[in-house]
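**Student:** Here is a sequence with its predicted model. Questions after.
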Amino acid sequence: MNRRTSLVGVIALTTGLTLTGCSSSDSEPELKVSGAFMPQPVSDMAAGFLVVKNSGGTSDRLTSVTSPLSDDVTIHETKDQTMRMVTSFDVPAGGELDLRRGGKHIMFMKLKQRPKQGEKVSVELHFEKADPIKVDLPVKETTYNPKKQ
């Protein structure tokens, strides 16, 4: 009886692991970026804004951003009128990460040059699970602020 119970347990465990493996491959993050822009910088610092939409069945995390514009690119969050650097942002399954003025955003420090309105700034977004995504941020007027739909 003890041997039979062990066999049933092994079969149940193996079946559970197999089903788990199948379901996770069907629910990977599916990320798409839209609404990207950078207000024209007025100093050696700049900010970047965009939306990462996740139509997949698994959440992900934006962990870093790189760009040839600066060797010091970080992600920040503004709460209660205080800006602070963070290590990552959640990109929920079936949801989105909205980087916008007054909230979560990308910070570029010690710019190698100041991009002008009409130019584009290349960035690469790095995620915990998904492959990196390359995005061009169009440089807009300094006061540009798109309306949320």
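**Tutor:** Sure, I can see it. These figures come from a predicted structure and were not determined experimentally.
**Student:** what are the bridge partners for residue 53, then?
**Tutor:** Counting by DSSP bridges, residue 53 forms beta bridges with residue 32, residue 96.
**Student:** Name the residue closest to the centre of the chain, please.
**Tutor:** residue 62 (3.2 Å; CA atoms, centre = their mean).
**Student:** helix or strand for that one, which one?
**Tutor:** strand 60-66 (DSSP states H and E).
**Student:** now swap in residue 143 and tell me
**Tutor:** Judged by DSSP H and E, residue 143 forms part of no helix or strand.
**Student:** who's in contact with it?
**Tutor:** Applying CB atoms under 8 Å, 6 or more residues apart in numbering, one finds that residue 143 lies in contact with residue 39. The C-beta positions use only the backbone N, C-alpha and C, and glycine is treated the same way.
**Student:** how close does it sit to residue 65?
**Tutor:** 23 Å (CB to CB, to the nearest Å).
**Student:** what's the answer for residue 48, then?
**Tutor:** Distance from residue 48 to residue 65, by CB to CB: 8 Å.
**Student:** Show me the strands in this protein, by range?
**Tutor:** For the chain, applying DSSP state E gives strands covering 31-39, 46-54, 60-66, 72-79, 82-86, 89-91, 96-99, 104-109, 120-127, 133-140.
**Student:** Return the most buried member of the ones you listed.
**Tutor:** Among the strands of the chain, strand 46-54 has the highest mean neighbour count (mean count of other CB atoms under 10 Å), at a mean of 21.
**Student:** is the closest residue in space to residue 48 that isn't next to it in sequence in a bridge, and if so with what?
**Tutor:** Nearest residue to residue 48, sequence neighbours excluded (CB to CB, 6 or more residues apart in numbering): residue 106, at 3.7 Å. According to DSSP bridges, the partner residues bridging residue 106 are residue 48, residue 75.
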